[in-house]
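Asker: Kindly return the folded structure for what I paste below:
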Amino acid sequence: MGIIKAVCTSPKKGMRKKDSGEGLLVKEHGLQDDAHAGPWHRQVSLLAIESIDKMRAMGLDVGPGDFAENITTEGIELVSLPLGTKLKIGSEAMGEVTQIGKECHTRCAIYYQAGDCVMPREGIFIRVLEGGKVRVGDTVEITP
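Answerer: Residues are numbered from 1 along each chain as shown. So this is what the prediction gives:
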């Protein structure tokens, strides 16, 4: 089980996201008011604070949202979750892991701003099966 450290959105793709502390996951859409939401398999992105800490250890001044992730977690090894894993997020929302990592065809603004990007290696993507409010401090649990 992990916890939510940040809930982040941005108005456009390819930019750092801002932590608002809470948000609404919308069924089969994604995080409300985020540019990446929509009817596709990568509705919500998650990245562990432990991955961000690796970049900090390299001297980069980065934090939650800087790698364009929607939800920053702590205490759950996201990259090791198999495709199809169901995650209960907060008290109501449910997501399904649809992709682990991603291919970056070009160097995006995040790469140039941060000097590296852990998202292609360690971020995961989910689609929202059941919506609900999520906020910092909520749990993220693997469900059968």
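Asker: Please enumerate the helices of the chain.
Answerer: Here the chain has its helices, by DSSP state H, at 49-57, 109-114, 119-122.
Asker: weakest of those helices in terms of mean pLDDT?
Answerer: The weakest mean pLDDT among the helices of the chain belongs to helix 109-114, with a mean of 63.
Asker: which stretches of the chain form strands?
Answerer: Taking DSSP state E as the test, the strands found in the chain are 2-9, 18-19, 22-26, 30-31, 44-48, 71-74, 86-89, 93-100, 124-130, 132-135, 139-143.
Asker: possible to save those strands as JSON lines with mean pLDDT?
Answerer: Listed next are the strands of the chain as JSON lines, based on pLDDT from 0 to 100:
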{"stretch": "strand 2-9", "mean pLDDT": "98"}
{"stretch": "strand 18-19", "mean pLDDT": "98"}
{"stretch": "strand 22-26", "mean pLDDT": "98"}
{"stretch": "strand 30-31", "mean pLDDT": "98"}
{"stretch": "strand 44-48", "mean pLDDT": "97"}
{"stretch": "strand 71-74", "mean pLDDT": "98"}
{"stretch": "strand 86-89", "mean pLDDT": "98"}
{"stretch": "strand 93-100", "mean pLDDT": "97"}
{"stretch": "strand 124-130", "mean pLDDT": "98"}
{"stretch": "strand 132-135", "mean pLDDT": "98"}
{"stretch": "strand 139-143", "mean pLDDT": "98"}
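Asker: Please convert those strands to TSV, extending it with mean neighbour count.
Answerer: The way it works is simple: take the backbone N, C-alpha and C, and place the C-beta from them, glycine included. Shown next, in TSV, are these (neighbours: other CB atoms under 10 Å):
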stretch	mean neighbour count
strand 2-9	22
strand 18-19	15
strand 22-26	20
strand 30-31	27
strand 44-48	26
strand 71-74	25
strand 86-89	22
strand 93-100	19
strand 124-130	21
strand 132-135	18
strand 139-143	15
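Asker: Can I get those in CSV including distance to residue 55?
Answerer: Shown next, in CSV, are those (distance: least, CB to CB, whole Å):
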stretch, distance to residue 55
strand 2-9, 15
strand 18-19, 16
strand 22-26, 23
strand 30-31, 22
strand 44-48, 10
strand 71-74, 13
strand 86-89, 24
strand 93-100, 18
strand 124-130, 17
strand 132-135, 24
strand 139-143, 21
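Asker: Good, wrapping up.
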